[in-house]
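Chemist: Next input, structure requested:
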Amino acid sequence: MQPKYPGGIEGLEGVVPIGPRVSASVEAFTRHFPDALFAVDRATLQVIQASQVAVDQLGLDPATFHRRLTDLVEVELPPVVEPGRPLSLTGFWIAGPAERFAVHLRIAAASADTWLVVLRQGGDPVAIAEELREANRFLEAVVENIPDMIFVKRASDHTFFRFNRAMEELIGWSIEELYGKNDYDIFPKEEADSFRRTDCKVYETGELLEIPEEPISSRDRGVRWVHTKKVPVYDGDRPLYVVGIAEDITERKLAKEQAHALESELAAVVLRANDAIVTWTPSDGKIVSCNPAAEQLYGFEAGRSEGLTIDSVVPANLRPELQANTERLLRGHKLPVAQTYRLRGGVEIEVEESLSLIPGVGDRPARVASIARDIGEIARLRRAAEILAGSAPDGDLDAVALAPAMREVIEAADVLAHDDYASVLLLGETGVGKSWLARRIHQRSARGKKPFFDINCASLAPQLLESELFGYERGAFTGAAGTKRGLVEAADGGTLLLDEVGELPTNVQAQLLTFLDERRFRRVGGTRVMQTDVRILAATNVDLADRVASGRFRKDLFYRLSVVPIRIPPLRERLDEIPGLARSILADLGRRASRRVRTNLAPDVTSALQRYDWPGNLRELRNALERALILSRGETIALAHLPPEIRTSTPAGERPLRLADVERAHILRVLESCGRNRTRAAGLLGISRSTLKRNLAEMAQAGLHVPAGGEPEDEGGQRL
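Modeler: Have a look, this model is predicted:
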């Protein structure tokens, strides 16, 4: 069978650099190569790796073949083997269990640190010739299947005489057409001149030459782009060939050019955008870039933003909030678009801003990007529309830098919003925002466009509460002149919040439990079983576990309502939120009053707000700010506009403790130390169990968290 290429491939010598894609083919070649192969450290002559043939034919022990080459072969080794100039040597194998025998060695420089040694036993010339032909067939198979173009050109006349299938496919010329041709016979003159120059340079330097990208004309596919490496092969000092390998990078180059074009388009969009775009490094706040719209919005001198920091456009009282938002971005959070204030020439302007993180690439650090627009006029028109429509929103906590505990609450609520049926029990003192959080869960759920109703279970008489929840039929009781739908029916498809659920009468508790289990109910005075699809949320400021222990609340209903309890921390535990909450509340009050409200609170006002412990929580904060807004008559709110108890308050750590506070704290500590066993705690406190129970009930009514009792029952089933 004739070899595919005229003349065979015996003349292909030297080391051809190949890419990682052909490593599998090379590994298969070395595994089946008929001669022993060794990788040898050039400096120490220690064998680094040996092929399986070396182990099988030469009797090497795989565990101990890491020896010096001179311990295996008796041969005169040269001090240097130059790249592209392999040496042929003869020696004797001395390491095997049999007698020594003659071997032929072929040594080539695989890298600056490693030699590749091919070792063959001396023997029958016919057998050796057959082995050489077998080796050539293996080598031909490897070269033929490499996806990159491989070629060999003679140094004497620059004609092609070795090439693989990949070259045929790339340039569109057949084997017969290519053989014996030079570059000028195949390619345009400009390309041929370039190829000839690089060939001559390789011969002159005697070193590997890498061309990152160069054009090459294809007969059928137009101009392609290749990444080429060339290496010379010598016979002594006489150049014989240039061996090249070229990878087609046309698609990669095209993708890179398209990416550059896209970057240019994006840069043009940013430059022409009407919104102000600013980026800065979060570590030091230095502005990295800004567009003309940002220069106009913030009053920067054109092209002179370099050296400025983002703090130069942020009011002093808003800088902690910006820092907190930056830290949230760095932790991977996404921030919603928010309304805030920035500075233009030292004057506050109202903007709508979106903050995002630009990840770092290589040595370039991450950056924070702000896209903002002036909404002063838009906000005024929006407030007017809200007032006319009677739909002014409440303050938005999304625009406030929240304390970690409150962020966990919000994140948990947002997760639960996606479960349409999960029962959620909202716990917390009066005024902490339980109703607001329930509305948020509803609005962010699939039920968000359906009705939302809430009912305060403590505000209605027990006999009216049942009919408010489940409705009634005509004649059900005196005065029931017609049929009325209850809230569970009216809220079909939506959400119903049972606020102060701990005050539900016992009979209504039973009906509510049945409804939660079956989603069915009967109107008061009715016989027809009705069904509705409504999500029930519950909220309370009392310890339901304690009420269960005292028999005032059904244990089964408690477990049914508290599938996922969420405790909202009181405002005194998140005083860092107060500056942002105050601005949000004042902005909401301003919308309701149809005027812009200044929210840059003076430092002494902010300090006073953060000193107070807010027993009424957010409701008390809103009332205090509404009072201050009225007294300030639209001007900056001063300390004198705050209620006296807030102006004169002292930090909790410096405030003298009342005797009742000391007594309550001591009772709770003793109760915890006894594992919540109230009988033992009462004994240690020197009071009766009924007195302890009364004190705990008073604490619960005051909004304090009182742990449920954990004592065992006696033989009669009574709690000890």
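
Chemist: going forward, measure contacts between C-alpha atoms and count neighbours the same way
Modeler: Fine.

Chemist: Okay, and the spatially closest residue to I536 that is not a sequence neighbour sits in which element?
Modeler: Nearest-residue entry for I536: L496, 5.1 Å, with adjacent residues in sequence omitted and distances by Cα to Cα, 6 or more residues apart in numbering. Using DSSP states H and E, L496 sits in strand 495-499.

Chemist: right, and the helix or strand after that strand?
Modeler: Later in the chain than strand 495-499, the nearest helix or strand by DSSP H and E is helix 506-518.

Chemist: Return the distance of that following helix from the chain's centre.
Modeler: Remark: helix 506-518 is offset 43 Å from the chain centroid, using Cα atoms, centre = their mean, to the nearest Å.

Chemist: can you check stretch 639-647 too?
Modeler: 45 Å.

Chemist: Kindly report the same for stretch 606-624.
Modeler: The answer for stretch 606-624 is 36 Å, by Cα atoms, centre = their mean.

Chemist: Same question for stretch 668-678.
Modeler: Using Cα atoms, centre = their mean, the offset of stretch 668-678 from its chain centre is 43 Å.

Chemist: That stretch spans what distance, first to last residue?
Modeler: 10 Å (Cα to Cα, to the nearest Å).

Chemist: If you count neighbours, what's buried in that stretch?
Modeler: L668, V670, L671, C674, R676, N677, R678 (16 or more other Cα atoms under 10 Å).

Chemist: ok, now stretch 221-232?
Modeler: R224, W225, V226, H227, T228, K229, K230, V231, P232.

Chemist: Now do the SS call for the fifth one.
Modeler: Right, T228. Under DSSP: H, G, I helix; E, B strand; the rest coil, T228 falls in the strand class.

Chemist: surely D454 meets A491?
Modeler: No - assessed by Cα atoms under 8 Å, D454 is found out of contact with A491, at 9.7 Å.

Chemist: more neighbours, these two?
Modeler: A491 (21 against 18; other Cα atoms under 10 Å).

Chemist: Show me where the stretch 351-500 of the chain dips below the pLDDT cut-off.
Modeler: 362-363, 376-401 (pLDDT under 70).

Chemist: what about the strands in it?
Modeler: With DSSP state E, counting those that start in this stretch as the criterion, the stretch 351-500 of the chain has strands at 367-374, 424-427, 452-456, 495-499.

Chemist: Could you pull out the helices in the stretch 1-150 of the chain for me?
Modeler: 23-32, 52-58, 69-72, 125-145 (DSSP state H, counting those that start in this stretch).

Chemist: Could you tell me the least trusted of these?
Modeler: Sorting those by mean pLDDT places helix 23-32 lowest, at a mean of 57.

Chemist: Just say helix, strand or coil for the closest residue to S289 other than its chain neighbours.
Modeler: Computed as Cα to Cα, 6+ apart, the closest residue to S289 that is not its neighbour in sequence is T279, at 5.4 Å. Here T279 is strand, with the state taken from three-state DSSP.

Chemist: what about the strands in the stretch 101-250 of the chain?
Modeler: Using DSSP E, counting those that start in this stretch, the strands assigned to the stretch 101-250 of the chain run over residues 101-109, 114-121, 149-154, 160-163, 209-218, 222-235, 238-248.

Chemist: could I get those strands as CSV with distance to A638 and mean pLDDT?
Modeler: As requested, those are exported to CSV (distance: least, Cα to Cα, whole Å; pLDDT from 0 to 100):
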stretch, distance to A638, mean pLDDT
strand 101-109, 84, 84
strand 114-121, 80, 85
strand 149-154, 80, 89
strand 160-163, 88, 84
strand 209-218, 69, 92
strand 222-235, 72, 90
strand 238-248, 73, 89
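
Chemist: Figure out which of those is closest to L170.
Modeler: Distance to L170, taken as Cα to Cα, is lowest for strand 209-218 among these, at 6.5 Å.

Chemist: just checking, what packs against that closest one?
Modeler: Applying 3 or more Cα pairs under 8 Å, 6 or more residues apart in numbering; DSSP states H and E, we find strand 209-218 packed against helix 165-171, helix 189-205, strand 222-235.

Chemist: Show residues contacting the second one.
Modeler: In this case it means helix 189-205. In this structure, residues lying in contact with helix 189-205 by Cα atoms under 8 Å, 6 or more residues apart in numbering are D183, Y184, L208, L209, P215, I216, K230, V231, P232, P239, V242.

Chemist: Tell me the most packed of the residues you listed, by neighbour count.
Modeler: Going by other Cα under 10 Å, P232 tops the contacts of helix 189-205 with 31 neighbours.

Chemist: Nearest residue to that residue in space, please, no chain neighbours.
Modeler: V242 (4.5 Å).

Chemist: looking at it, the one you found is touching Y234, isn't it?
Modeler: No - assessed by Cα under 8 Å, V242 is found out of contact with Y234, at 9.1 Å.

Chemist: What mean pLDDT does the helix or strand harbouring M699 get?
Modeler: For M699, the host element (DSSP H and E) is helix 689-701. The pLDDT scores in helix 689-701 average 79.

Chemist: Pull out the CA atoms of that helix and give them to me as CSV.
Modeler: What follows is helix 689-701, C-alpha atoms only, in CSV (Å, rounded to 0.1, in the frame of the first residue of the first chain):
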residue,chain,number,x,y,z
ARG,A,689,-46.1,30.2,91.1
SER,A,690,-49.3,32.2,90.6
THR,A,691,-47.4,35.4,91.4
LEU,A,692,-44.7,34.5,88.8
LYS,A,693,-47.4,33.7,86.3
ARG,A,694,-49.1,37.1,86.9
ASN,A,695,-45.7,38.9,86.4
LEU,A,696,-45.0,37.1,83.2
ALA,A,697,-48.5,38.0,81.9
GLU,A,698,-47.8,41.7,82.6
MET,A,699,-44.5,41.5,80.8
ALA,A,700,-46.2,40.0,77.7
GLN,A,701,-48.9,42.7,77.8
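
Chemist: What residues sit buried inside that helix?
Modeler: Buried, per 16+ other Cα under 10 Å, within helix 689-701: R689, L692, K693, L696, A697, M699, A700.

Chemist: Tell me which other helices or strands it touches.
Modeler: By 3+ Cα pairs under 8 Å, 6+ apart, helix 689-701 packs against helix 678-685.

Chemist: tell me the average confidence for the helix it packs on?
Modeler: pLDDT averaged over helix 678-685 gives 82.

Chemist: Report the buried residues of that helix.
Modeler: R678, T679, R680, A681, A682.

Chemist: would a markdown table of those residues with distance to Q443 be doable?
Modeler: What follows is the buried residues of helix 678-685, written out as a markdown table (distance: Cα to Cα, whole Å):
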| residue | distance to Q443 |
| --- | --- |
| R678 | 42 |
| T679 | 46 |
| R680 | 47 |
| A681 | 45 |
| A682 | 47 |
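
Chemist: follow-up on the earlier one: out of the buried residues of helix 689-701, who's nearest P34?
Modeler: Closest to P34, out of all of these and judged by Cα to Cα, is A700, at 88.8 Å.

Chemist: Would you mind measuring from the closest one to N325?
Modeler: 36 Å.

Chemist: what do you get for A246?
Modeler: For A246, the distance to N325 (Cα to Cα) stands at 51 Å.

Chemist: Over to T514?
Modeler: From T514 to N325 the distance is 45 Å (Cα to Cα).

Chemist: Can you pick out the most distant pair from the contacts of helix 189-205?
Modeler: P215 and P239 (26.1 Å).

Chemist: dump the residue contacts of the residue nearest to S289.
Modeler: Applying Cα under 8 Å, 6+ apart, the residues contacting T279 are I287, V288, S289, C290, R367, V368, A369, S370.

Chemist: Quick check: the two most widely separated of the buried residues of stretch 221-232?
Modeler: R224 and P232 (24.4 Å).

Chemist: how many neighbours does Y559 have?
Modeler: Y559, neighbours per other Cα under 10 Å, totals 12.

Chemist: and it, which of the three is it?
Modeler: helix.

Chemist: Next one: it from L425, what distance?
Modeler: Y559 is 10 Å from L425, by Cα to Cα.

Chemist: now T44
Modeler: According to Cα to Cα, T44 and L425 sit 75 Å apart.
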